[in-house]
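A.B. asks: just need the structure, nothing else, for what follows:
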Amino acid sequence: TFVPLQQLPADETHPWRVENHINFHAKISFDKLALKLYEEGKLPVTIFRPTNIIGDGRLPLDLYGARDVNFFKDLKANKPLELPDCRQILLQSVCNWDFAKGLFLALTTPNEIRGEIFILSAPYAIRVGDYFNIIMEELNSKSQITWVNADEFQKAHPEHDWLPFLREHMCFSIEKARMLCYNG
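C.D. replies: Residues are numbered from 1 along each chain as shown. I've put the predicted structure just below:
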């Protein structure tokens with residue numbers, strides 16, 4: 001809901017109510033309504049904003065901005081790939097177990113965190129290029145990669161409709177969650 005980011009790292013005070021072609025319009029609408037109902041005393045709500053969720057049972061993000069298993073199968077099969085050059089974009093992930101800890105906290109200490117928004121994530125971001133190198137190593141892939149200008153790639157491959165989202169920096173401060181959730 002935050003992209004495009006106005007500052008790095010972004011935190012919960014980042015202007016997130018602005019709808020654009022990249023962020024999740026429906027999510028923003030739901031969050032606005034939930035917070036309005038909370039302020040009116042009609043809905044006890046805590047909003048968690050997890051970053052790129054990774055971990056057991058979760059298909060990783062591919063370099064087209066989606067979670068297509070075929071991307072990883074192609075790498076595992078050492079197929080040559082043409083990829084958008086997003087290697088310098090910052091990506092910040094959260095392990096699904098840490099996300100679960102936040103949800104557990106909401107259930108066990110509801111009064112302390114009601115009406116709040118929390119970013120749940122790892123404490124730092126990495127470049128998409130480094131993320132991709134980790135994937136290549138894990139899959140022992142020898143795929144020949146051709147990096148294509150991201151604008152040109154996007155024009156040539158409109159079917160990758162999640163690519164605009166991947167092309168936005170995802171770098172967040174988790175201080176609020178660390179202070180209120182993990183030390184609470």
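A.B. asks: my guess is Leu120 meets Trp97, correct?
C.D. replies: No. With contact defined as CB atoms under 8 Å, Leu120 does not count as touching Trp97 (10.8 Å). Just so you know, the C-beta spots here come from the backbone N, C-alpha and C atoms, and that holds for glycine as well.
A.B. asks: for the two, indicate the residue with more neighbours.
C.D. replies: Leu120 (23 against 9; other CB atoms under 10 Å).
A.B. asks: now the more buried one: how far from Asp11?
C.D. replies: Leu120 sits 12 Å away from Asp11, going by CB to CB, to the nearest Å.
A.B. asks: Leu61 now?
C.D. replies: Distance, Leu61 to Asp11, by CB to CB: 22 Å.
A.B. asks: between those two, which one's more packed in?
C.D. replies: Ranked by neighbour count (other CB under 10 Å), Leu61 and Asp11 place Leu61 first, with 23 against 15.
A.B. asks: ok, what's across the strand from the closest residue to the more buried one other than its chain neighbours?
C.D. replies: Nearest non-adjacent residue to Leu61, counting by CB to CB, 6 or more residues apart in numbering: Asn52, 5.4 Å away. On the basis of DSSP bridges, Asn52 is bridged to Ser93.
A.B. asks: from what I see, Gln154 and Phe165 are in contact.
C.D. replies: No. Between Gln154 and Phe165 there is no contact under CB under 8 Å: 11.4 Å.
A.B. asks: so what sits opposite Arg127 in the bridge?
C.D. replies: Leu90.
A.B. asks: let me see the contact set for it.
C.D. replies: Arg87, Gln88, Ile89, Leu90, Leu91 (CB atoms under 8 Å, 6 or more residues apart in numbering).
A.B. asks: now name the helix or strand holding Tyr131.
C.D. replies: Counting by DSSP states H and E, the element that carries Tyr131 is helix 128-139.
A.B. asks: no wait, Asp151
C.D. replies: helix 150-156.
A.B. asks: CA atoms of that helix as PDB?
C.D. replies: C-alpha atoms of helix 150-156 as PDB (Å, rounded to 0.1, in the frame of the first residue of the first chain):
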ATOM      1  CA  ALA A 150      13.000  -2.800 -17.400                       C
ATOM      2  CA  ASP A 151      10.900  -0.300 -19.400                       C
ATOM      3  CA  GLU A 152      11.600  -2.200 -22.700                       C
ATOM      4  CA  PHE A 153      11.000  -5.500 -21.000                       C
ATOM      5  CA  GLN A 154       7.700  -4.300 -19.600                       C
ATOM      6  CA  LYS A 155       6.500  -3.000 -23.000                       C
ATOM      7  CA  ALA A 156       7.500  -6.400 -24.600                       C
END
